[in-house]
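A.B. asks: Predicted model, plus sequence, below.
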Amino acid sequence: MLDWDELEHACRNCQLCGLARLRNNTVFGVGLKTADIMFVGEGPGEQEDIKGEPFVGPAGKLLDDMLSIIDITRDNCYIANIVKCRPPNNRDPQPQEQDACIAYLRNQVALVQPKIIVCLGRIAATRIIEPNYRITRDHGTWILRNGVWITSLYHPSALLRDPSKRPETFEDLLEIRKKIQQLSIELK
Ligand code: URA
């Protein structure tokens with residue numbers, strides 16, 4: 001396992017898949033490195049690639065609004081993605097790109113040691129929870145794995161495309177807040 005500096009350095013210089021050639025910046029992650037709750041998206045979009053920070057485009061604005069409902073900010077959680085470099089034209093990251101990148105996320109999880117992980121969207125949920133995960137059916141359900149509670153929300157981009165999904169996401173957010181309380185987590 002690498003420490004934060006080693007990991008960020010390795011990620012910034014990574015050439016493990018073809019996305020490396022296309023990037024302006026790697027998008028490593030942001031937030032509190034000792035957070036009890038971690039959010040995992042899919043991969044950087046255009047704005048994220050330009051700024052080197054996750055969820056800074058339109059989906060990110062919505063994510064901030066969603067998190068504020070349950071008193072979460074970028075300073076009291078940790079946010080990362082399955083892949084750290086932008087897939088061209090915002091296509092899904094391919095399985096071999098995810099395979100090449102996933103060790104960075106595993107190392108981040110090992111360093112943060114969150115009590116809760118929230119997968120944002122299908123790609124994160126199928127990768128982290130289980131390959132047959134169906135986000136429309138399974139969002140908001142919980143599993144406990146190695147002492148970590150794991151759930152999913154619709155991806156904010158999906159909520160921008162289809163606002164009719166927002167009420168379900170509101171309910172899921174309230175369940176996350178409940179879990180935070182049940183686990184006696186004090187948001188820092
Ligand atoms: N969508 C994601 O999944 N991650 C980001 O960082 C931005 C948009």
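C.D. replies: Cool, got the structure. Numbers count the residues shown, from 1 in each chain.

A.B. asks: by contact count, what packs against the helix or strand where P167 lies?
C.D. replies: Using DSSP states H and E, P167 maps to helix 166-182. Helices and strands touching helix 166-182, by 3 or more Cβ pairs under 8 Å, 6 or more residues apart in numbering; DSSP states H and E, are helix 58-69, strand 116-120, strand 148-153. The C-beta positions use only the backbone N, C-alpha and C, and glycine is treated the same way.

A.B. asks: partners of the closest residue to the ligand within the chain in the sheet?
C.D. replies: Closest residue of the chain to the ligand, Cβ to the nearest ligand atom: G41 (2.8 Å). Applying DSSP bridges to G41 gives these bridge partners: N81.

A.B. asks: What parts of this protein come near the ligand?
C.D. replies: 27, 41-45, 48, 54-55, 59-60, 81, 120 (Cβ under 6 Å from any ligand atom).

A.B. asks: Among the residues you listed, which one sits closest to D5?
C.D. replies: Of all the residues of the chain next to the ligand, V27 has the smallest distance to D5: 17.4 Å, by Cβ to Cβ.

A.B. asks: ok, now which ones touch I69?
C.D. replies: Residues in contact with I69 (Cβ atoms under 8 Å, 6 or more residues apart in numbering) are 170, 173.

A.B. asks: re earlier: deepest of the helices and strands packed on helix 166-182, which one?
C.D. replies: Of the helices and strands packed on helix 166-182, the one with the most neighbours on average (mean count of other Cβ atoms under 10 Å) is strand 116-120, at a mean of 24.

A.B. asks: list the helices and strands that one packs on?
C.D. replies: Counting by 3+ Cβ pairs under 8 Å, 6+ apart, strand 116-120 packs on strand 37-41, helix 122-128, strand 148-153, helix 166-182.

A.B. asks: Check the chain and tell me which residue is nearest its centre.
C.D. replies: Geometric centre of the chain, nearest residue: V40, 1.2 Å, by Cα atoms, centre = their mean.
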